[in-house]
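Asks: sharing a model that was predicted from the sequence below.
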There are 4 protein chains.
Amino acid sequence: MRLFDRFRQGEMRLSRVEAFSDGVFAIVVTLLVLELKVPELKDHASVSELAHQLVELMPKFLSWLISFIIVCKFWLNHHHVLALARHANYAMVWLNSIFLMGQSFIPFPTALMGEYHDNHLAVSFFGCVFAVNTLLFIALNSYIVRNLIKPELAPLQDPHGTLKAMVGPASYLVGAAAAWFSIPAAFVVYALTPLFYITPPKVHGVGAQARPRTTE
Amino acid sequence: MRLFDRFRQGEMRLSRVEAFSDGVFAIVVTLLVLELKVPELKDHASVSELAHQLVELMPKFLSWLISFIIVCKFWLNHHHVLALARHANYAMVWLNSIFLMGQSFIPFPTALMGEYHDNHLAVSFFGCVFAVNTLLFIALNSYIVRNLIKPELAPLQDPHGTLKAMVGPASYLVGAAAAWFSIPAAFVVYALTPLFYITPPKVHGVGAQARPRTTE
Amino acid sequence: MRLFDRFRQGEMRLSRVEAFSDGVFAIVVTLLVLELKVPELKDHASVSELAHQLVELMPKFLSWLISFIIVCKFWLNHHHVLALARHANYAMVWLNSIFLMGQSFIPFPTALMGEYHDNHLAVSFFGCVFAVNTLLFIALNSYIVRNLIKPELAPLQDPHGTLKAMVGPASYLVGAAAAWFSIPAAFVVYALTPLFYITPPKVHGVGAQARPRTTE
Amino acid sequence: MRLFDRFRQGEMRLSRVEAFSDGVFAIVVTLLVLELKVPELKDHASVSELAHQLVELMPKFLSWLISFIIVCKFWLNHHHVLALARHANYAMVWLNSIFLMGQSFIPFPTALMGEYHDNHLAVSFFGCVFAVNTLLFIALNSYIVRNLIKPELAPLQDPHGTLKAMVGPASYLVGAAAAWFSIPAAFVVYALTPLFYITPPKVHGVGAQARPRTTE
């Protein structure tokens, strides 16, 4: 009880929450490329050997591409959700931190799937991690919509938004299950899932959600 | 004397101190995951071998998790303390830089404890580093409260705040001592310690500490 | 159709787009140096062996230098283009994200060319990557100029700007072709190409493009 | 001629220059720790072996410490100098980028000196790199003071400031020379040199240089 009360306290500025989050997002997407390691060649000048090695890297390129797009999609939706809040409190900051913990973990399953793209577990693990990440985002989203939303934006929110958002985790889990039968099918599901939220959900008053902050 | 005078000079904007600090915090938490290296498998497609290797990584996951939470806790309290200051001076900037040096060091003891979780010294070293980090934060906190606090916030500060904050370093040192007898006990202490300051300390006027900056 | 409409929605603040982009740029230029690995010496104290190894690193230094300058040039032009926009929408955010994906990829071809500077494919690949990156920038630029430009800046834009900008990708492709005949020639072309856009294009009213945002 | 004119153009906002610079500084100081690699132990649980290995890491700790302090010192002085400027132009942005290139290079000589602390060349190289970095900073500083300074701050600048600042590069070169005779002497010189500019130079009107920007 008293602990919950403490979390509801703390009227904090959103600007540092955004700065910290943007930093984490920017680093996560940029670190992803570190898994694309320069291949070792026996003959340094051999074009055919390098060409062969670059083709071998294709699954890693693909993992990198999918993860990059997904993290950008999270960033865009995160941006959208934080713009709904009138301020931050401690509970929101911690939900945000745990969400960012999930984001910062992404390079690991990405590298794992890139390295062992023929391993059912590695490919399935990727989908599970992204399902959890989407759930963490939904938790942050719901908390802000229920507790911190700007009064003028509250009536514009879709009351079934949280339920509809569950399509994301469900889709990743479908991919994670598919990985045990067909790895290419899992890749396709993972690549298509971010398209559900490639733009934040529409609101009843078009464009209205962001307008109050456009003129800073 | 003259040196001390120079340090007290320099009315600087807080915004770049915050930007630099947020950058360091964001990078530290994101670099932590680089220690979670993709395991090497003899049979790339073997699910059981990968499952076994992922279970072997559990101590590294746990170290990563504990460090992530602790750094987020530092970030939140750092945010709180900087909001108390009316401006920055050189002494504060250097105390902040030394504090950030401690933060940027965190990936090393985290990796050490993750790698050698059965080594008493590695686990104890982790606690000592976090005790020092907490002391560096207390030094920054105390300097700001005594020298740079906004006049309207000064009466709201707990006069015994610094003393009470010592529970943090003391707890980490208890964990560091426990590591020599029981490594699981040390992990438990390390995981519980950040809960002391999971939210910044309450002030006498609830929520008052942050309000003056909410409307930038 | 409906998808395109969704992309045109979303009046978003430019400040977080800039913060995310600046983060990615800053990390990309700083990660480049990680490819300059400390050489392994048989005799740790041997000056001549270390001197020899540092000379061996010259191609890596050169790759690092060229990539650093090019990324800074992209950053400067990106800064210029975002200052033209009155706000961000989802289409622009995604064009920006795909452009940043290209930027974050840069450490890979840089490391590849640094490691295998005598391999025609590695050197040619470098040019191709930068040609694609420049095309991605041109796409972002064109979209902003056609859809999001501030009304007062629209008449100052060069109507042939996009065509003229094609000199960049063309020049990188010349370098990529040259790499198959003369590797030093390719290095020279790569080093000279960023000079085309070392400053953003002149506008008809000198300095006018940035003035509206100078006083924030 | 025409090229120089182009560089003098471009009234740009300082805020993105600062954001990019702060990002680079933050990443450089945080990447430094990556050179502190977890030692390999034959007996994972051996306290004495780990203790021995940690003592062996002392030169790396020391290199890390010195570089961290120096980069923070650069950050503080950079902060001070940018606050003098009324806006940015292309010449300043490029001087700043080249300065940041020098900063982003710092992890390499730091790692080299940490690894081969008994190698005269490695220790001397460290000093030369920091001498060049300080010269790059002086170039940026001089350009801003001569071309972009706020009119009200111009009379407060020390007319011999650039000359006095040369004590920095000179001191690093003394250290670089000392490295060929006594490596500990070089370490001492490197550790003491940042103290010259541990705070930005005093101005005639105390604290006046920053005051105009304190109230943003």
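Replies: Nice, I can see it. Residues are numbered from 1 along each chain as shown, chains lettered A, B, ... in the order given.

Asks: report the contact partners of the residue in chain A positioned nearest to chain C.
Replies: Nearest residue of chain A to chain C (C-beta to the nearest C-beta) works out as residue A:26 at 2.8 Å. No exception for glycine: its C-beta is placed from N, CA and C like everyone else's. Each residue near residue A:26 by C-beta atoms under 8 Å, 6 or more residues apart in numbering or on different chains is listed here: B:26, C:20, C:22, C:23, C:24, C:26, C:27.

Asks: of these, closest to chain D?
Replies: Nearest to chain D among the contacts of residue A:26, with distances taken as C-beta to the nearest C-beta, is residue C:26, at 2.8 Å.

Asks: now do the residue of chain A found nearest chain B against residue B:130, distance only.
Replies: Proximity of chain A to chain B (C-beta to the nearest C-beta) peaks at residue A:23, 2.8 Å away. Residue A:23 sits at a distance of 22 Å from residue B:130 (criterion: C-beta to C-beta, to the nearest Å).

Asks: what do you get for residue A:22?
Replies: The spacing between residue A:22 and residue B:130, counted by C-beta to C-beta, is 27 Å.

Asks: state the pLDDT value of the residue of chain A closest to chain C.
Replies: In this model, residue A:26 is scored at 92, pLDDT.

Asks: for it, which non-adjacent residue is closest in space?
Replies: In this structure, residue A:26 finds its nearest non-sequential neighbour in residue C:23, 2.8 Å apart by C-beta to C-beta, 6 or more residues apart in numbering or on different chains.

Asks: confidence score at residue A:89?
Replies: So residue A:89 comes in at 88 (pLDDT).

Asks: in this structure it contacts residue A:13, no?
Replies: No: counting by C-beta atoms under 8 Å, residue A:89 stays clear of residue A:13, with 11.5 Å between them.

Asks: the more surrounded of the two?
Replies: residue A:89 (22 against 18; other C-beta atoms under 10 Å in any protein chain shown).

Asks: residue B:75 versus that one, what's the distance?
Replies: From residue A:89 to residue B:75 the distance is 15 Å (C-beta to C-beta).

Asks: same question for stretch A:112-120: list its buried residues.
Replies: Neighbour-count burial for stretch A:112-120, counted by 16 or more other C-beta atoms under 10 Å in any protein chain shown, picks out A:112, A:113, A:114, A:115, A:116, A:117, A:119, A:120.

Asks: any part of stretch A:183-199 near chain B?
Replies: No: Stretch A:183-199 lies apart from chain B when judged by C-beta under 8 Å from any C-beta of the partner chain; the minimum separation is 9.9 Å.

Asks: gap between residue A:132 and residue B:22?
Replies: Residue A:132 sits 25 Å away from residue B:22, going by C-beta to C-beta.

Asks: between these two, which is the more surrounded one?
Replies: Shown here are residue A:132 and residue B:22; by other C-beta under 10 Å, residue B:22 has more neighbours (27 against 15).

Asks: tell me which element the more buried one falls in.
Replies: helix B:14-31 (DSSP states H and E).

Asks: so what touches stretch A:112-120?
Replies: A:35, A:59-60, A:62-64, A:122-123, A:125-126, A:179-180, A:183, B:38, B:41, B:44-47, B:50.

Asks: tell me the average confidence for it?
Replies: Stretch A:112-120 comes out at a mean pLDDT of 92.

Asks: now find how far off-centre it is within its chain.
Replies: 20 Å (C-alpha atoms, centre = their mean, to the nearest Å).

Asks: since that was my last question, I'll sign off now.
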